[in-house]
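Chemist: Take this sequence and fold it.
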Amino acid sequence: MTSFARGQRVIGAFTHFVENQPPWRVGIDEYSSNEPLVAAVDAFGAGWADAGLRAAGTLVGSLDFQRDAELANVHTPQLHTHDRWGFRLDEVEYDPSYHRVISAALEHGAHTSAWADPRPGAHVARAATFMLFAQVEPGHACPVSMTHAAVASIEGSPWVADEWMPRLLSRSYDPRLLPAEEKPSALIGMAMTEKQGGSDVRAGTTVGVSMGGHAYQLTGHKWFCSAPMSDGFLVLAQTRRGSTDEGLSCLFVPRLLPHGMRNVFRLQRLKDKLGNRSNASGEVEFDGTVGFVLGEPGRGVRTIIEMVQRTRLDCVLGTAAGMRQSVAEAVWHAHGRQAFGAALVDQPAMTSVLADLALEAEAAMLTGLRLAQLFEAEASDDDVALRRLAAPVSKYWVCKRGPHHAYEALECLGGNGYTEAFPLARRYREQPVMAIWEGSGNVIALDVLRALTRDPESAEAFAAELATTAGASAVLDAHADRALALMRSLQGADAAVAQAQARRLTEALALAFQASLMVRHAPSRDAEAFIAARLGDDRGSQYGVLPAGTDAAAIVARH
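Modeler: Sure thing, here's the model as predicted:
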């Protein structure tokens, strides 16, 4: 080998020798390597699912799965409205990588395993599985979540459930549009919102005219139709039977009618979204489209409320999954990168940021699994009351934190994090959808107020939940007392006063809920640091502002 004098310019291949860069984070069991998640799954009653979760964790951490996750977002869905001869197709073409991802998620039960096998801990196990898949590829989680949640709205209507429920509970996957008799599995989408209404679904103008029995013909449009290649959809419409207006009803709209006839489902265009790009969302027109009412005609909101509660839960789980990906990638980078003479992970400023990010991710994960536990088949009346309030409270706060958390983790990677070659740029774009889907901030905060006024038992159950950790932390006790006092004062307040304070209340309740969960399920060191950083007098508005004396390195090591 040729020797070079000191200071002589090195040319050729030597200029491209790559050093001080961590390797690709692949070949990792994303479940076993997540110590807080493993402990929480066991604590919340799903330890029996350990082997299946390890298998799912190994799969999503593999090179092939992560490559598919990337490809599904690079090669985005394409709409084909017509075939070459001018006949309507109304089909969306996905990259094969997307089909492989969603097939794996269904095989592992990320959609409806809790419904199919309702044993104690089933919803917690399903939630953990859902998070593992959403951690690496979040877009496919949309139809997976809707299929899970739709069971709650469909199961009480045997004229639909008898045929469709076995298909929803199946773990097989076939992306083709096929008649029911040829396709044993199904995915469910939603088409609820309209241009003029948004979250105000009662402002919808789509009309359903009775055809006799449970069938209606729909005319109208939907501004957002999620996962438009699903096999069936839940749709809201103003229904009419003869000369009688029934009101807002929820209907099940299949893509295919008996004998393979295509239902009228005219896709106008796909949305060009900020994130969630592997999953298609579109605008759809109905013109004589056949749908079947679910539940009672005119009681559409009541029919979908349990579904909405479950999709809000999945917004929390999806955000927590994204936080886990952000922490994992940031810590991995910090271990493999040197700066200023030491590994990044050992630099006190960086260690503090990583520890703070990890605490936030753990609190979000515990929140999601506790909520999932409240949906178990054996849930008590108190559990049902608690989830009515805890679900919107948690959805509001955890999902609001998601984008900021993703950005801070992205910054840990420096310039690499800002490029599409690394997953955190995609994650940063993805997190905002969780705060918008199933109700953006104000909608959720107002729903918290509705829960307090319509279901006063939910306030009592929430107070009882916080009481389980009374005395463990003076800081938490003081915060919980303030939050509950505000809650009670707003229960009987003037509507305008209550609405103006709705966000403040929701945030206060969410932080109390998270801190209580950290006290119960995280090491005392981690719980104390979380409480001081989020509720203490010297709490910071940015990540990395932990109290003096915090063993940040130990927190990072646990994650």
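Chemist: Now Leu374. Nearest residue, chain neighbours left out?
Modeler: Nearest non-adjacent residue to Leu374, counting by Cβ to Cβ, 6 or more residues apart in numbering: Arg387, 3.9 Å away. Placement of C-beta: from N, CA and C, glycine included.
Chemist: I'd like to know how many residues surround the one you found.
Modeler: Arg387: 25 surrounding residues under other Cβ atoms under 10 Å.
Chemist: Quick check: it touching Val308?
Modeler: No. Arg387 lies out of contact with Val308 (Cβ atoms under 8 Å); the separation is 11.9 Å.
Chemist: can you tell me which residues contact Val393?
Modeler: 448, 462, 506, 509-510, 513 (Cβ atoms under 8 Å, 6 or more residues apart in numbering).
Chemist: Tell me which helix or strand Val290 sits in.
Modeler: Here Val290 sits within strand 281-294, counting by DSSP states H and E.
Chemist: in that strand, what's buried?
Modeler: 281-286, 289-294 (16 or more other Cβ atoms under 10 Å).
Chemist: before we move on, what about stretch 265-276?
Modeler: Neighbour-count burial for stretch 265-276 [16+ other Cβ under 10 Å]: 265, 267, 270, 275-276.
Chemist: residue boundaries of the strands in the stretch 201-350 of the chain?
Modeler: For the stretch 201-350 of the chain, the strands defined by DSSP state E, counting those that start in this stretch occupy 207-212, 215-226, 232-241, 244-254, 266-270, 281-294, 338-339, 342-343.
Chemist: between the second one and strand 207-212, how many degrees?
Modeler: This means strand 215-226. Put simply, strand 215-226 runs at 140 degrees to strand 207-212, going by axes from the mean of the first three to the mean of the last three Cα atoms, to 10 degrees.
Chemist: Strand 215-226 pairs with which strands?
Modeler: With DSSP bridges as the test, strand 215-226 is paired with strand 188-191 (antiparallel), strand 207-212 (antiparallel), strand 281-294 (antiparallel).
Chemist: With mean pLDDT and distance to His333 as added columns, please give the ones you listed in CSV.
Modeler: Supplementary listing: these in CSV, determined by pLDDT from 0 to 100; distance: least, Cβ to Cβ, whole Å:
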stretch, mean pLDDT, distance to His333
strand 188-191, 95, 36
strand 207-212, 97, 53
strand 281-294, 98, 32
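Chemist: With distance to Val60 as added columns, please give these in a markdown table.
Modeler: Shown next, in a markdown table, are these (distance: least, Cβ to Cβ, whole Å):
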| stretch | distance to Val60 |
| --- | --- |
| strand 188-191 | 23 |
| strand 207-212 | 41 |
| strand 281-294 | 24 |
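Chemist: Which among these is found nearest to Arg488?
Modeler: Minimum separation from Arg488 across those (Cβ to Cβ) falls at strand 188-191, 35.4 Å.
Chemist: Compare the strands paired with strand 215-226 and give me the one nearest Ser230.
Modeler: strand 188-191 (3.5 Å).
Chemist: Could you list the buried residues of the closest one?
Modeler: So strand 188-191, judged by 16+ other Cβ under 10 Å, has buried residues 188-191.
Chemist: which one of those residues sits closest to Val497?
Modeler: Nearest member of the buried residues of strand 188-191 to Val497, counting by Cβ to Cβ, is Met190, at 34.1 Å.
Chemist: can you pull the contacts of the nearest residue to Cys412 once chain neighbours are set aside?
Modeler: Distance criterion Cβ to Cβ, 6+ apart; nearest residue to Cys412, sequence neighbours excluded, is Ala330 at 4.0 Å. By Cβ under 8 Å, 6+ apart, the contact list for Ala330 reads 354, 357, 409, 412-413, 424.
Chemist: Make CSV out of the residues you listed and add neighbour count and distance to Pro36.
Modeler: Formatted as CSV, the contacts of Ala330 follow (neighbours: other Cβ atoms under 10 Å; distance: Cβ to Cβ, whole Å):
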residue, neighbour count, distance to Pro36
Leu354, 29, 14
Leu357, 25, 13
Ala409, 29, 16
Cys412, 25, 19
Leu413, 23, 22
Leu424, 25, 20
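Chemist: Run through the helices of the stretch 451-559 of the chain in chain order.
Modeler: Along the stretch 451-559 of the chain, the segments classed as helices by DSSP state H, counting those that start in this stretch run 456-467, 474-491, 495-500, 502-521, 524-535, 552-558.
Chemist: Which of the helices and strands in the protein ranks last by mean pLDDT?
Modeler: Within the chain, no helix or strand scores below strand 338-339, which has a mean of 90 by mean pLDDT, DSSP states H and E.
Chemist: Show me what that one is in contact with.
Modeler: 20, 344, 347.
Chemist: Give me the pLDDT for the first one.
Modeler: In this prediction, Asn20 carries a pLDDT score of 89.
Chemist: now the spatially closest residue to it that is not a sequence neighbour: how far from Cys412?
Modeler: Counting by Cβ to Cβ, 6+ apart, Asn20 lies nearest to Gln338, which is 5.3 Å off, once chain neighbours are set aside. Distance of Gln338 to Cys412, given as Cβ to Cβ, to the nearest Å: 14 Å.
Chemist: my read: Glu507 touches Arg401, true?
Modeler: No. Contact criterion Cβ under 8 Å: Glu507 and Arg401 do not qualify, at 10.1 Å.
Chemist: More neighbours: which of the two?
Modeler: Between Glu507 and Arg401, Arg401 has the larger neighbour count (other Cβ under 10 Å), namely 21 against 16.
Chemist: wait, what's in contact with that one?
Modeler: Remark: with contacts taken as Cβ under 8 Å, 6+ apart, Arg401 is in contact with 319, 323, 360, 364.
Chemist: For the residues you listed, pick the one with the most neighbours.
Modeler: Highest neighbour count within those, by other Cβ under 10 Å: Thr319, with 34 neighbours.
Chemist: Need the pLDDT of it.
Modeler: 98.
Chemist: what's the answer for Ala152, then?
Modeler: Reported pLDDT for Ala152: 96.
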